[in-house]
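# Just need the structure, nothing else, for what follows:
(one chain, ligands or ions: 1)
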Amino acid sequence: MEKTQHKPHCLILPYPIQGHINPMLQFSKRLAAKGITITFAVLENLHTSADDEFSSSISVETISDGYTSATRAAALLPEYLPTFQKAGSESLTQLIEKLRERGRAVDCVVYDTFLPWGLAVARNMGLFGAAFFTQSCSVNIIYYSLFKGLLNVEVVEREVLLPGLPELGASDLPSFVLDRETHPGSFELLVDQFEGVEDSNFAFVNSVYELEEEATDWLKKFMSVKTIGPTIPSMYLDKRLQHDKNYGLSLFKPDDTCMKWLQQQSPKSVIYISFGSMAKLEEQQMVELATTLKLTGKPFLWVVRSSEASKLPQGFMDEASDQGLIVSWCPQLEVLAHDTIGCFITHCGWNSTLEALSLGVPMVGVPWWSDQATNAKFVMDVWKMGVRACPDKGDVVGHEELVRCVKCVMEGERSEEMRLNAMKWKELTKGAVDEGGSSDKNIQEFVSTLMGGET
Ligand code: UDP
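Below you'll find the model as predicted:
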């Protein structure tokens, strides 16, 4: 790449779901703070909900996935992905050309690895291409091993031994590895993330080197891995940076009445429950969660998205209105950072896991799909910041098990160990993004490359 005379310009291409938009937008803010111009390319449904907070440093532009809001909702993955690839490649190329004509030439496309064609577009236009992984390095090792044919799931019976990882049981593997039928197209999407990555200029991972040293070092042998996390707004890592408090672009409307309610609770007393933006729990699981909350008697804040609300047991909130609060979406970072939160019952989505690790909140993992089981395994056995709840029958985790887990995290002997680990990981993740920390250095290296023209 030629030495850039103008301010370097990155185009960021996230897959259009909340758990991918959040870390990529936050990464964009870090780059913008270091002098990089950012264009964030999203679908029309998100563009309209753009927040003003970051608009001075980051412009939001629209690309197409070939669908409208109405047709997208009904599209299944095996049909959605190729349509998106075609319409997305065309509209992204047009966008980059348009920006060039306007004197805002793009230098690098940072593409979500769920959209591996982003690299092909970058290359065709003579630009840098940098991959962005929204899952951990450890989970990357599992998918990469499948991509390279190093792991044959047909023969997975008991333990799986992979380089850089602890021994994993079948139930610790990402769900789509062994169950490909229930969600067609998901396995291929996850494995195809590595298409071309070995040749990309950088492969960013939203993780922290010190959390996964061995796994990161192993991946580095095959691709230019740079851990750059945790991608949470700076305010939560340094209270002086009040301006950067929220992620910025949301598909859901947060209800911040819960912050007032939290103010009235005692320190470390509240159970916070959220299963992220996509999980669709079985009705019986909602019943078990509700029973758990009643049995513990502890104050709770429960996020139940509007699309899930009909699964709540009838009358539950009338009975429990003195005990807790249900909201359809909350400002999760503000909630996790609040000192009244004592336990997080979570699906262990990677963002939620990293947020809880960074803000020092012990977890009860109730994984639903995808890499969540693997994250839960690490939370319990590697980072020792929580426990994983085991399903009784089928996929539902019963209330007895949930009550046991909550007690273990909030009151039991192990809660002290978790509390100490919470302080350790909080310090360590903050250190990674502080100036000169492992993630900051990796971001700086990328910025210097863009500014100086070295690859
Ligand atoms: N989140 C939020 N408010 C909520 C629930 C979730 O802001 O009420 C955010 C959360 O902080 C995280 C993201 O949504 O950044 C969810 O990502 P995650 O990877 O945890 O789960 P996914 O939604 O992808 O399953």
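# show me what contacts Arg388?
Taking CB atoms under 8 Å, 6 or more residues apart in numbering, we find Arg388 in contact with 364-367, 373, 376-377, 379-380, 405. Every residue, glycine included, has its C-beta placed from N, CA and C.
# swap in Leu219?
Residues in contact with Leu219 (CB under 8 Å, 6+ apart) are 137, 140-141, 144, 164, 203, 205, 225.
# of those, closest to Pro82?
Lowest distance from Pro82 to these (CB to CB) belongs to Tyr144, with 22.8 Å.
# Work out for me the element the closest one sits within.
Per DSSP states H and E: Tyr144 is located in helix 137-147.
# Contacts made by that helix with the rest, please.
133, 135, 150-151, 153, 162-165, 168, 173-174, 177, 190-194, 205, 207, 212, 215-216, 218-219, 222, 225, 227, 350, 371, 374-375, 378.
# Neighbours of Lys98, how many?
11 (other CB atoms under 10 Å).
# Kindly apply the preceding question to Glu97 instead.
With neighbours defined by other CB under 10 Å, the count for Glu97 comes to 13.
# can I assume Ser171 is in contact with Ala373?
Yes: counting by CB atoms under 8 Å, Ser171 does reach Ala373; the two are 6.2 Å apart.
# Neighbour count for those two, which is higher?
Ala373 (23 against 15).
# wait, doesn't the more buried one sit right on Gly169?
No: with contact defined as CB under 8 Å, Ala373 and Gly169 do not form a contacting pair (9.5 Å).
# how distant is the top helix by length along the chain from the center of its chain?
When the chain is parsed with DSSP state H, its longest helix is helix 77-101. Average the C-alpha atoms of helix 77-101, do the same for its chain, and the two points are 23 Å apart (CA atoms, centre = their mean, to the nearest Å).
# And it, what's buried?
80-81, 83-85, 88-89, 91-92, 95-96, 99 (16 or more other CB atoms under 10 Å).
# got it, and stretch 282-291?
Going by neighbour count (16+ other CB under 10 Å), the buried part of stretch 282-291 is 285-291.
# Give me the secondary structure label for the residue nearest to Asp112 when sequence neighbours are not counted.
Setting aside the residues directly before and after it, Asp112 is nearest to Tyr15 in space (CB to CB, 6 or more residues apart in numbering), at 4.4 Å. Taking DSSP: H, G, I helix; E, B strand; the rest coil as the rule, one finds Tyr15 in the coil state.
# What is the neighbour count of Tyr15?
Tyr15 has 20 neighbours, counted by other CB under 10 Å.
# ok, now which ones touch it?
By CB under 8 Å, 6+ apart, the contact set of Tyr15 is 112, 114-115, 134.
# And for Ser69?
Ser69 neighbours (CB under 8 Å, 6+ apart): 44-45.
# What's the local residue count around Ser56?
Neighbours of Ser56 (other CB under 10 Å): 8.
# So which bits of the helix or strand bottoming out on mean pLDDT in the chain are buried?
Of all helical and strand segments in the chain, the minimum by mean pLDDT, DSSP states H and E falls on helix 44-47, at a mean of 71. By neighbour count on 16+ other CB under 10 Å, the buried set for helix 44-47 is Leu46.
# what element comes up after it heading to the C-terminus?
Downstream of helix 44-47, the next assigned helix or strand under DSSP H and E is strand 58-62.
# Relative to the ligand, which residue of the stretch 301-450 of the chain is the closest?
Distances between the stretch 301-450 of the chain and the ligand by CB to the nearest ligand atom are smallest at Gly349, namely 2.4 Å.
# which SSE is the nearest residue to that residue once chain neighbours are set aside in?
Excluding the flanking residues, the one nearest Gly349 by CB to CB, 6+ apart is Gly276, at 4.3 Å. Gly276 belongs to no helix or strand when assigned by DSSP H and E.
# Where does the residue nearest the centre of the chain sit, in terms of helix or strand?
The residue lying closest to the centre of the chain (CA atoms, centre = their mean) is Asn351, at 3.1 Å. Secondary structure assigned from DSSP H and E places Asn351 in helix 350-359.
# So is the very next helix or strand once past that helix next to the ligand?
Counting by DSSP H and E, the next helix or strand C-terminal to helix 350-359 is strand 363-365. No: using CB under 6 Å from any ligand atom, strand 363-365 stays clear of the ligand, coming no nearer than 11.2 Å.
# how about strand 363-365: buried residues?
Across strand 363-365, burial judged by 16+ other CB under 10 Å covers 363-365.
# What parts of the stretch 151-300 of the chain come near the ligand?
For the stretch 151-300 of the chain, the residues in contact with the ligand (CB under 6 Å from any ligand atom) are 274, 276-278.
# what about whatever helix or strand Glu288 lives in, average pLDDT?
Counting by DSSP H and E, the element that carries Glu288 is helix 283-296. Mean pLDDT, helix 283-296: 97.
# With stretch 431-445 instead?
pLDDT averaged over stretch 431-445 gives 97.
# Poorly predicted segments of this structure, please.
1-5, 47-55, 155-157, 453-455 (pLDDT under 70).
# And the strands in it?
Applying DSSP state E to the chain gives strands spanning 9-13, 37-42, 58-62, 108-112, 128-133, 202-205, 225-227, 270-274, 300-303, 324-327, 341-346, 363-365, 386-388.
# how about the residues of the stretch 1-150 of the chain near the ligand?
Residues of the stretch 1-150 of the chain found near the ligand (CB under 6 Å from any ligand atom) are 18-19, 22.
# filter these to the buried ones?
When neighbours are counted using 16+ other CB under 10 Å, those contain these buried positions: 18-19, 22.
# roughly how far apart are Asn22 and Pro16?
With distances taken as CB to CB, to the nearest Å, Asn22 is found 12 Å from Pro16.
# go on, Leu77?
Taking CB to CB as the measure, Leu77 falls 13 Å from Pro16.
# Same question for Lys268.
From Lys268 across to Pro16, the span is 36 Å (CB to CB).
# More neighbours: the two, which one.
Using other CB under 10 Å as the criterion, Lys268 and Pro16 rank with Pro16 on top: 21 against 15.
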